[in-house]
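# Task: produce atomic coordinates for the following.
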Amino acid sequence: MTTEEIVEILEAESKTGSILGIDEESTPTAILVEPESILNVCKILFEKEELFFDLLECITGLDNGVEENTLEVIYHLYSVPFDHKIALKVKLERGDKSNTARIESVTSLWKAADWMERETYDLLGIHFENHPDLRRILLPADWKGHPLRKDYSDEEYYHGIKILY
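Numbers count the residues shown, from 1 in each chain. Model (predicted):
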């Protein structure tokens with residue numbers, strides 16, 4: 001099944017405007033999804049019998065920089081019975097300290113999303129709504145900032161101890 005055929009099914013099943021386009025430069029080819037529609041689109045990909053993307057391989061985040069003022073969440077999906085691979089890309093407004101970038105969690109569909117979303121939250125500060133246990137996974141709970149953001153500055157001290165980089 002081609003990416004275009006998958007997009008046709010998604011457009012027929014989801015609400016208008018959910019699919020923003022296709023990124024042919026991405027490997028695998030990525031479907032660009034409206035942030036508010038991510039859970040619905042993932043649900044269709046998981047539940048639709050002719051698609052059945054039963055494996056969430058990876059969720060990762062990307063900081064496009066302060067100039068562009070966006071963050072991205074990228075989902076890599078695989079259908080074991082049909083040997084299909086696709087990626088979903090969602091672009092989010094960067095937000096600020098009081099209003100961080102937010103997107104719906106997909107842990108209700110794929111339990112593997114739990115730790116992947118926590119890692120993305122920890123390193124980029126993207127908040128996953130309705131996540132069952134959204135907290136830091138790699139850094140201490142009281143760590144300031146999110147190290148993979150391009151506007152992050154290294155801490156000099158942690159609890160009075162000089163950090164050597």
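# Below-threshold pLDDT in the chain: ranges please.
97-98 (pLDDT under 70).
# Show me where it has its strands.
Along the chain, counting by DSSP state E, strands occupy 19-23, 30-33, 55-63, 70-79, 84-93, 102-104, 127-129, 157-158, 161-162.
# and the fifth one with strand 55-63, angle?
Put plainly, it is strand 84-93. 30 degrees (axes from the mean of the first three to the mean of the last three Cα atoms, to 10 degrees).
# Pull the residues that contact strand 84-93.
1, 3, 6, 23, 26, 28-35, 38, 41-42, 45, 51, 53, 64, 69-79, 101-103, 126 (Cβ atoms under 8 Å, 6 or more residues apart in numbering). No exception for glycine: its C-beta is placed from N, CA and C like everyone else's.
# List the buried residues in it.
84-92 (16 or more other Cβ atoms under 10 Å).
# Off-centre distance for that strand?
Here the centre of strand 84-93 is set off from its chain's centre by 7 Å, with Cα atoms, centre = their mean, to the nearest Å.
# got a list of what the nearest residue to residue 72 once chain neighbours are set aside touches?
Spatial nearest neighbour of residue 72, excluding adjacent residues (Cβ to Cβ, 6 or more residues apart in numbering): residue 62 at 4.2 Å. Residues in contact with residue 62 (Cβ under 8 Å, 6+ apart) are 71-72, 74, 124.
# okay, among those, which ones form the most distant pair?
74 and 124 (11.4 Å; Cβ to Cβ).
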